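fold the following.
(one chain, ligands or ions: 1)
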Amino acid sequence: MKRLLPALAVLVAIGGAAQAEGELNVYSSRHYDTDDQLYNAFTEATGIKVNRIEAEADELIARLEAEGANSPADVFITVDAGRMWRAEQKGLLQPVESAVLEERIPEALRHPDNLWFGISTRARVIFYAKDRVENPPQTYADLADPAYKGKVCIRSGFNIYNLSLLASIIEHEGEEAARAWAEGVKANLAREPEGGDTDQLKAIVSGQCDIAVANTYYLARAIASQVDGLTGSTDQIGIVFPNQETTGTHVNVSAAAVAAHAPNRDNAVKFLEYLTSDSAQEYFAGQNNEYPAVPGLAATEAVTSLGAFRADELNLAALGRNQAAAERIFTETGWK
Ligand code: FE2
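This next block holds a predicted model:
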């Protein structure tokens, strides 16, 4: 929230004239020290000045809602299709017609009515202790196998990543199978869900958990840079990309959208198109050790070292549609 204040001051200075020739207001829940380079390159190429507001995703959604038609926001950037669905439900996004975006971004990674576009992807995978697990789970369904009783660690079911994972299971297998899965995984937990994805990986290193579910970039980050309690021990952690023989591994996106009341709509579309350029793609994905959304572009060395896999090709809008059912199932099966 502290980071928000200087950016807000800029917008207050703009006053009522949120629409200004050559300006763009970006609300983003992604923040990296290296962001400047990404935004400056856009400004250099187009002459459009970028004003950024950075905060937690749900704060930004609440803010967009409160500002309504007076919102200065042009572009909304966040992670997880489930969060974009929350924004969509509140009427905060508008459709975009762009041949560039339709050509560059695979269909599964964008909203069917072009309300948002995946800019980079991450996979939600199974990690395991190489020295303690001889036969790691190969599918999401395996996580519910009693053979892994007392071994599995995962963050809260109500975190958006797990809601989206369960939403994908609902889409593929129906609610009944999804409920059985939630029950089975809960019965296999080594401990009550706690912490974030990094904490699940650390718990493999400390010996508390033999198997963990987390997004790919959490391990890649520890390989590429210093993560206390993890870097230096990443060799102990094995990775399984689940469901390679069936539906493919569950992936999700960092995504960008044009805000419903964007005062600088044309600039917003230009910015989204810019994010799909080769250089911006590699930069945007590389910042968070994700995969570029545009096919054929390289991920970073640390990400590539995790291995290749086949991704689930489900259109990610399905994750939003099944979000409420996923929440209900986690609630009814007693998840924390
Ligand atoms: Fe994350």
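
what ranges do the strands span in this structure?
In the chain, the segments counted as strands under DSSP state E are 23-28, 49-54, 75-79, 93-94, 117-129, 152-153, 211-215, 237-240, 251-259, 291-292.

kindly export the first one (C-alpha atoms) in CSV.
When you say that, I think you mean strand 23-28. Taking C-alpha atoms only, strand 23-28 is exported to CSV below (Å, rounded to 0.1, in the frame of the first residue of the first chain):
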residue,chain,number,x,y,z
GLU,A,23,-0.6,9.2,-21.5
LEU,A,24,-1.5,5.8,-20.1
ASN,A,25,-2.6,4.8,-16.6
VAL,A,26,-1.8,1.3,-15.6
TYR,A,27,-3.2,-0.4,-12.5
SER,A,28,-0.9,-3.4,-11.8
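
list of residues touching that strand?
Strand 23-28 is contacted by residues 11, 14, 18, 39, 48-55, 60, 63-64, 72-78, 259, 263-264, 267-268, 271 when judged by C-beta atoms under 8 Å, 6 or more residues apart in numbering. C-betas here are computed from N, CA, C, even on glycine.

do the same with the last one
By C-beta under 8 Å, 6+ apart, the list of residues contacting strand 291-292 from outside reads Ser120, Thr121, Arg122, Ala123, Thr216, Gln281, Glu282, Phe284, Ala285, Ala298, Ala299, Val303.

among these, which ones are buried?
Burial by neighbour count, judged by 16 or more other C-beta atoms under 10 Å, picks out Ser120, Thr121, Arg122, Ala123, Thr216, Gln281, Glu282, Phe284, Ala285, Ala299, Val303 from the contacts of strand 291-292.

now do the contacts for the fourth one.
Applying C-beta under 8 Å, 6+ apart, we find Ala123 in contact with Asn215, Thr216, Phe241, Thr249, His250, Val251, Tyr291, Phe309, Ala311.

looking at those residues, which is nearest Leu166?
Each of these was scored against Leu166 by C-beta to C-beta, and His250 proved nearest at 9.8 Å.

residue contacts, the closest residue to Ser279 other than its chain neighbours?
Of all residues beyond its chain neighbours, the one nearest Ser279 is Ala41 (7.2 Å), with distances taken as C-beta to C-beta, 6 or more residues apart in numbering. Taking C-beta under 8 Å, 6+ apart as the definition of contact, the neighbours of Ala41 are Ser279, Ala280, Tyr283.

what's the burial count for Glu97?
Other residues near Glu97 number 8, with proximity taken as other C-beta atoms under 10 Å.

my guess is it meets Asn114, correct?
Yes. Under the criterion of C-beta atoms under 8 Å, Glu97 makes contact with Asn114 at 6.9 Å.

and Asp58, how many neighbours?
Burial of Asp58 is recorded as 14 neighbouring residues (other C-beta under 10 Å).

what pLDDT does Ala212 get?
pLDDT for Ala212: 98.

low-scoring stretches of the stretch 101-250 of the chain, by residue?
When the per-residue scores of the stretch 101-250 of the chain are filtered using pLDDT under 70, no range remains.

need the nearest residue in space to Phe127, chain neighbours excluded.
Closest residue to Phe127 apart from its sequence neighbours, by C-beta to C-beta, 6+ apart: Ala212 at 4.7 Å.

ditto for Arg83
The shortest distance from Arg83 to any residue that is not its chain neighbour, by C-beta to C-beta, 6+ apart, is 5.1 Å, and that residue is Ala57.

spit out the contact partners of the one you found.
Ser29, Thr78, Val79, Asp80, Arg83 are the contacts of Ala57 under C-beta under 8 Å, 6+ apart.

of these, closest to Arg191?
Closest to Arg191 out of the contacts of Ala57 is Asp80 (24.3 Å), distances taken as C-beta to C-beta.

what is the neighbour count of the residue nearest to Phe127?
27.

okay if I get the contacts of Ala57 as TSV plus pLDDT?
Formatted as TSV, the entries for the contacts of Ala57 read as follows, by pLDDT from 0 to 100:
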residue	pLDDT
Ser29	96
Thr78	97
Val79	96
Asp80	97
Arg83	97
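
for the residue nearest to Ser279, give its distance to Leu275.
Here the criterion is C-beta to C-beta, to the nearest Å. By it, Ala41 lies 11 Å from Leu275.
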